[in-house]
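> Build me a model from this:
(2 chains)
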2 protein chains.
Amino acid sequence: MRALLLVAHGSRRMESNQEVRELTERLRARAGGRFDWVGHAFLELAEPSIPEAVSAATAAGARQVLLLPYFLSAGRHVVKDIPDEVATALREHPEVSVQVAPYLGAMAGVSDLLLDTALSQSAQAG
Amino acid sequence: MRALLLVAHGSRRMESNQEVRELTERLRARAGGRFDWVGHAFLELAEPSIPEAVSAATAAGARQVLLLPYFLSAGRHVVKDIPDEVATALREHPEVSVQVAPYLGAMAGVSDLLLDTALSQSAQAG
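Alright, predicted model coming up:
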């Protein structure tokens, strides 16, 4: 069973955390069964943490968890904090395999998404 | 003449600012003449600022500038700082029209980009 876990920084602004939850809902709707469980986690300032989310996915039957880091650059959060949290989760759930995808800013399609949006906006502006 | 301006927060980490410059290069290469000028700007901690970048685009002949906010959520930077900087740029260059696209986290295609990346990663993992 495969799980998809969107990992965001977390914010003091409740609205920003809510944006992450709504994005997770969209991912879940679009996953269409290609992932059996879709959830989110935060590094700071909001819950659940990565280990808490991995526990929830495991309790739901997941044995493979793919993390999608919702970050723009390879700062400390991506390079150190996420791997540290993954290590904690794996100590608690050695039966699970965890994989970490490229962070959003490093995803190959991000420049196409930006350019497509720009062209669409320009077309609307006439 | 149309200009495209990627706007990022800016970081103390030089590597993060360099990621933005490299993304701008990719946008420029892919724009393929659909924008006559493609550049970047930072809100803080790095240069150029939005008014500086709008000045550069204007000097190059641009009369329409589309800003692409490279931000994940509608926090203060998106809601207040970018509009404030745009207002400053417009006071300096009233001959230019400036439009602000949705920020990255609000772009319609971001969930597809995340899901496509997740599926591609899962396929690689087998």
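> residues near A:E52, how many?
16 (other CB atoms under 10 Å in any protein chain shown). For every residue, glycine as well, the C-beta is placed using N, CA and C.
> ok, now A:A41?
A:A41 has 27 nearby residues by other CB under 10 Å.
> before we move on, what about A:S11?
A:S11 - counted by other CB under 10 Å - has 19 other residues nearby.
> repeat for A:E15
Neighbours of A:E15 using other CB under 10 Å come to 10.
> which residue sits closest to it, ignoring its sequence neighbours?
B:A74 (6.8 Å; CB to CB, 6 or more residues apart in numbering or on different chains).
> any idea how far that neighbour lies from B:E92?
26 Å (CB to CB, to the nearest Å).
> between the two, which one's more packed in?
B:A74 (17 against 12).
> How about the contacts made by the more buried one?
Counting by CB atoms under 8 Å, 6 or more residues apart in numbering or on different chains, B:A74 touches A:15-16, A:19, B:103, B:105-106.
> of all those, which two lie farthest apart?
Using CB to CB, these span at most 13.0 Å, a distance reached by A:E15 and B:Y103.
> where do the contact lists of those two overlap?
Shared contacts of A:E15 and B:Y103, counting by CB under 8 Å, 6+ apart, come down to B:73-74.
> Helix or strand: which one has A:P102?
Using DSSP states H and E, A:P102 sits in no helix or strand.
> List the residues that contact it.
So A:P102 contacts A:69, A:108, B:117, B:121 (CB under 8 Å, 6+ apart).
> ok, how many other residues are close to A:R28?
18.
> State the three-state secondary structure for the nearest residue to it once chain neighbours are set aside.
Distances taken as CB to CB, 6+ apart place A:V38 nearest to A:R28, at 4.0 Å, with adjacent residues excluded. Three-state assignment for A:V38 (DSSP: H, G, I helix; E, B strand; the rest coil): strand.
> Then the one 3 residues further on?
When classified by three-state DSSP, A:A41 comes out as strand.
> Which members of the contacts of B:A74 are positioned in helices?
A:15-16, A:19 (DSSP state H).
> Am I right that the residue nearest to A:R28 is in contact with A:R30?
No - look at A:V38 against A:R30 with CB atoms under 8 Å: they stay out of range, at 9.1 Å.
> So for those two, which sits in the more crowded spot?
A side-by-side neighbour count of A:V38 and A:R30, using other CB under 10 Å, places A:V38 first with 23 against 15.
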